[in-house]
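Undergrad: Here is the input, now give the coordinates:
(chains A and B)
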Amino acid sequence: MSGTFTKAMARNIFYGGTVFFFLLFLALTFDTTSNLPKTDNRHNITPAVAAGKHIWETRNCLGCHTLLGEGAYYAPELGNVYKRRGPEFIKAWMQSQPTGTPGRRQMPNFNLSEEDLNNLVEFLKYTSEINTQNWPPNIEG
Amino acid sequence: MKYQSQAVALPYFVAAIGLFVGQIIFGLILGLQYVVGDFLFPEIPFNVARMVHTNLLIVWLLFGFMGAAYYLVPEESETELFSPKLALVLFWVFLVAGALTIVGYLTVDYATLAQYTGNDILATMGREFLEQPLLTKVGIVVVALAFLFNISMTVLKGRKTAINIVLLLGLWGLAIFFLFSFYNPTNLVLDKYYWWWVVHLWVEGVWELIMAALLAFVLIKVTGVDREVIEKWLYVIIALALVTGIVGTGHHYYWIGTPEYWQWWGSIFSALEPIPFFAMTVFAFNMVNRRRREHPNQAAVLWALGTGVMAFLGAGVWGFLHTLAPVNYYTHGSQITAAHGHMAFYGAYVMVVITIISYAMPILRGRACNSRKAQVLEMWSFWLMTIAMVFITLFLTAAGILQVWLQRVSDTPLSFMAVQEQVSLFYWMREWTGVVFFIGLLCYLASFFIKGEEAPAKA
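TA: Take a look at the predicted model:
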């Protein structure tokens, strides 16, 4: 094999293969972005949703929770929490933190205003209505 | 050491190891918080400790990569580094910026940190692994560009080898794809789609070029096998890695709101992703078996072989375990992901950085290799850390299988927190294994301070 398969051939396969598959990936990306409006629930993005996402990010919620399965695995999945618990429960839950139960996992209280809480709920509502191909398998996330 | 300027690698390696120790200490804190939920609360909440754990990992690996480049590139290019002074200045800039960021995480609450560091100008924070404040992200770009300038100029004025070029490609790719961390649209699906352009295209793309180049360099040095043979393998492996890995990004696009066809693209290409890792293992063993000399630094040889095997197990086997869409439907975002993440990062990137440190550090300290006694202790640290990581992965996998069953498969699914209590035994075992890993790391540190006669080369 060493006689026929040279380093130059291996190098060309690397460059050719990389360029080809990167272009393929770009083409798929282009197709995905043009199809996304059907699945990504973008028509429900309001200023409240945007503000809610900002709250979500600046409190580092992903450091404990997952959102559509990405994040940390320390606390429940929240992509569908709006459907699991509803808006009032989410707000009451956040206001009652931390529980202080000895030995139990604790969530900080972020001292959010009523408006912030409403925005966060709006963001979670929008997220729960993204078409995730029926993920998670059930309501428990 | 053949070139004076290679010496700038030394502080980079020292910083990398120091930050590694910090990363593991925070890992132990996190592991304990899994079972003693209020441990260190509210002083260090879980999300803060996790951010420190993962960001330290990224930063120390970057220190390792940069140190490796400063060591390797002059020797491969057969010329002094373009500017050793710039390399040292960048070292301090990066170290201070990194340390300030970690101090920021630990002392200021995250929302305040975001406010102080310009997150309202361009919001980029609060996304997994990209939690760094805007200022830090800009700093990373500046340091990366100056570093790339220095390395590229060195290669340009010297000899261009396959190893040099592949390493450069990897480092440039690393910098270019990091730019996507500045793109954070409100549309969560787009946000997640391009987030993976940093995260996946780093660890399953350009970082693999860096890893393969480092491994190839060390293998040339410790085996004496012909460069032509090793460089041909290098191209084959990275070709396989990118051909499978680029479209393999699709295995992250199953459930985030993207079209359904990604389940096919992702499954097919990521099913092929273990192949380059398998090739890497075969390559490493093959080269060591065909060696033309017995290098006195046996510890470095052990780390090099270990990198191949553990990267194949962690990235290849554990990745494949949950990469097919029908399987991933149940395992996505569970402890299975955590199990895979731990072993893949350790096997691929932690071990390759330790490999190059193990090879280069004695030379940087003025000897071909460490004493027999020091090497024996280093090999102990290899086995302790590696076996501990195998068991951490096994325990997390067990926890993950139970979690998936109880929460997602069972006819009467339990809630997340109820499941967490059911699997706590495995979290305890993971934590104790983590302590063993830490002991291994302490052995590794201690091996740097053991003196004695230089180990002679075996005939």
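Undergrad: residues in contact with B:Thr249?
TA: A:25, B:196-197, B:200-201, B:204, B:266 (CB atoms under 8 Å, 6 or more residues apart in numbering or on different chains). Heads up, the C-betas are built off the backbone N, CA and C, glycines and all.
Undergrad: again, 7 Å this time
TA: Neighbouring residues of B:Thr249 by CB atoms under 7 Å, 6 or more residues apart in numbering or on different chains: A:25, B:196, B:200-201.
Undergrad: All the strands of chain A, residue numbers only.
TA: Remark: strands assigned in chain A by DSSP state E are A:66-67, A:70-71.
Undergrad: Just checking the host helix or strand of B:Val52 against chain A, any contact.
TA: Element membership for B:Val52, per DSSP states H and E: helix B:46-77. Yes - counting by CB under 7 Å from any CB of the partner chain, chain A has neighbours in helix B:46-77: B:46-47, B:50-51.
Undergrad: Now flag whichever of the residues you listed is closest to B:Leu30.
TA: Checking those against B:Leu30 by CB to CB gives B:Arg50 as the nearest, at 5.9 Å.
Undergrad: any idea how far the closest one is from B:Thr124?
TA: To B:Thr124, B:Arg50 is 18 Å away according to CB to CB, to the nearest Å.
Undergrad: who has more neighbours, those two?
TA: B:Arg50 (25 against 22; other CB atoms under 10 Å in any protein chain shown).
Undergrad: Would you confirm that that one contacts A:Ala75?
TA: No - counting by CB atoms under 7 Å, B:Arg50 sits too far from A:Ala75 to count as a contact (11.0 Å).
Undergrad: contacting residues around B:Leu402?
TA: B:422-423.
Undergrad: can we see that at 10 Å?
TA: Residues counted as contacts of B:Leu402 (CB atoms under 10 Å, 6 or more residues apart in numbering or on different chains) are B:334-335, B:419, B:422-423, B:425-426.
Undergrad: now, among the residues you listed, which is nearest to B:Val96?
TA: Distances from B:Val96 to the contacts of B:Leu402, taken as CB to CB, are shortest for B:Gln335 (36.1 Å).
Undergrad: top helix in chain A by residue count?
TA: helix A:7-35 (DSSP state H).
Undergrad: just checking, what packs against that helix?
TA: helix B:162-178, helix B:188-201, helix B:227-248, helix B:262-271 (3 or more CB pairs under 10 Å, 6 or more residues apart in numbering or on different chains; DSSP states H and E).
Undergrad: Let's see that with 8 Å instead.
TA: The contact analysis (3 or more CB pairs under 8 Å, 6 or more residues apart in numbering or on different chains; DSSP states H and E) places helix A:7-35 against helix B:188-201, helix B:227-248, helix B:262-271.
Undergrad: Now the helix or strand following the first one - C-alpha only, CSV.
TA: Heading C-terminal from helix B:188-201, the first helix or strand you meet, by DSSP H and E, is helix B:207-223. Extracted as CSV, the C-alpha positions of helix B:207-223 are listed here (Å, rounded to 0.1, in the frame of the first residue of the first chain):
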residue,chain,number,x,y,z
TRP,B,207,-9.4,20.8,17.6
GLU,B,208,-8.9,17.4,16.1
LEU,B,209,-6.5,18.9,13.6
ILE,B,210,-4.5,20.3,16.5
MET,B,211,-4.7,17.0,18.4
ALA,B,212,-3.6,14.9,15.4
ALA,B,213,-0.7,17.3,14.7
LEU,B,214,0.5,17.2,18.3
LEU,B,215,0.3,13.4,18.4
ALA,B,216,2.1,13.1,15.1
PHE,B,217,4.9,15.4,16.3
VAL,B,218,5.4,13.4,19.6
LEU,B,219,5.3,10.1,17.7
ILE,B,220,8.0,11.2,15.3
LYS,B,221,10.2,12.2,18.2
VAL,B,222,9.7,9.2,20.4
THR,B,223,9.7,6.5,17.8
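Undergrad: Any idea how far helix B:207-223 is from the middle of the chain?
TA: 15 Å (CA atoms, centre = their mean, to the nearest Å).
Undergrad: what's the angle from it to helix B:46-77?
TA: Helix B:207-223 and helix B:46-77 are oriented at 50 degrees to each other (axes from the mean of the first three to the mean of the last three CA atoms, to 10 degrees).
Undergrad: residues touching the residue most central in space within chain A, list them.
TA: In chain A, the C-alpha nearest the mean C-alpha coordinate belongs to A:Leu67, at 4.1 Å (CA atoms, centre = their mean). A:Leu67 sits next to A:56, A:61, A:77-79, A:127, B:188 when contact means CB under 8 Å, 6+ apart.
Undergrad: likewise B:Gly224?
TA: Contacts of B:Gly224 (CB under 8 Å, 6+ apart): B:291-293, B:295.
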